[in-house]
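Undergrad: coordinates only, sequence not included:
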C-alpha cells in the first residue's frame, strides 16, 4: 500500500504540471487572439478615418487645376508660381494615393505629410501673388473656387484631427504592457499621425477674395 502511494504521488504532480502548462499555453493563445482582434479593430478605425481625409483631399486636388487655369489668364508673368502649384498638387496626389492604399504604412504617411506641406506653401504663395491682381480677385469663377477650396481645407483639418485621435488610440494600445510583447510579433507596427509640423503651414491658404 505504501509502495502504491509513493508511486502515485509523482504521477499526480506530473499531471498537475502538465495541466498547468497546457492552461498557460491555452491562456497565452487566447490572450494573443484577443489582442490581435483588438488591434485589428483599432487599426480599422484609423484606416476608416483616413478614408474620410482621402475624400476631401481628392476634392481639393480636383479644385486646384481649375484654380490654376482661371488664374493663368491673369497671371501671365507668374508662370513659375503656377507651375509650382501644379507640380506640388501632382506630387501630393500621388502621395495620397499611396497612403490611401495602406494608411498603416508609416513611410507612405510621412511622404504625404511632406507633400501636403509643400502644396500648402505653393498655394499660399499663389494667393499672395493673386492679391496683386484686382481683376483676378474680382473674377466670379475665382471667387467661387477660392470659397470651395477654403471649405475643403476646413474639412481636411477636421478629418485629420479625427484620424490623429484614432492613430493615438491605436499606438497607445499597442504600446501598453503586456500587449507590447505581442504587437510587433503579430505584425502591428506604429502608425504615423498626419501632422504638419510647421505652424505657418498648418493654416489653410488664404484664398478669400
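TA: Happy to help now that I have it. Nothing here was measured: the structure is a model prediction, and the numbers come from that model.

Undergrad: Which elements pack onto the top helix by length along the chain?
TA: Scanning the chain for the longest helix, with DSSP state H as the assignment, gives helix 2-72. Counting by 3 or more CB pairs under 8 Å, 6 or more residues apart in numbering; DSSP states H and E, the packing neighbours recorded for helix 2-72 are helix 79-101, helix 106-130, helix 140-174, helix 180-183. Any C-beta I mention is one placed from the backbone N, CA and C, and that applies to glycine too.

Undergrad: nearest to residue 194, of these?
TA: Checking those against residue 194 by CB to CB gives helix 140-174 as the closest, at 4.9 Å.

Undergrad: what's the offset of the closest one from the middle of its chain?
TA: Taking CA atoms, centre = their mean, to the nearest Å, the mean C-alpha location of helix 140-174 is offset from the chain mean by 11 Å.

Undergrad: buried residues in it?
TA: In terms of neighbour count (16 or more other CB atoms under 10 Å), helix 140-174 has its buried residues at 142-143, 145-146, 148-149, 151-153, 155-156, 159-160, 162-164, 166-167, 170-171, 173-174.

Undergrad: Ok, stretch 74-85 next?
TA: Neighbour-count burial for stretch 74-85, counted by 16+ other CB under 10 Å, picks out 74-75, 78, 81-82, 84-85.

Undergrad: out of these, who's nearest residue 29?
TA: Lowest distance from residue 29 to the buried residues of stretch 74-85 (CB to CB) belongs to residue 85, with 54.7 Å.

Undergrad: So for residue 26, which of the helices and strands packed on helix 2-72 sits nearest?
TA: For residue 26, the closest of these is helix 180-183, at 15.6 Å, according to CB to CB.
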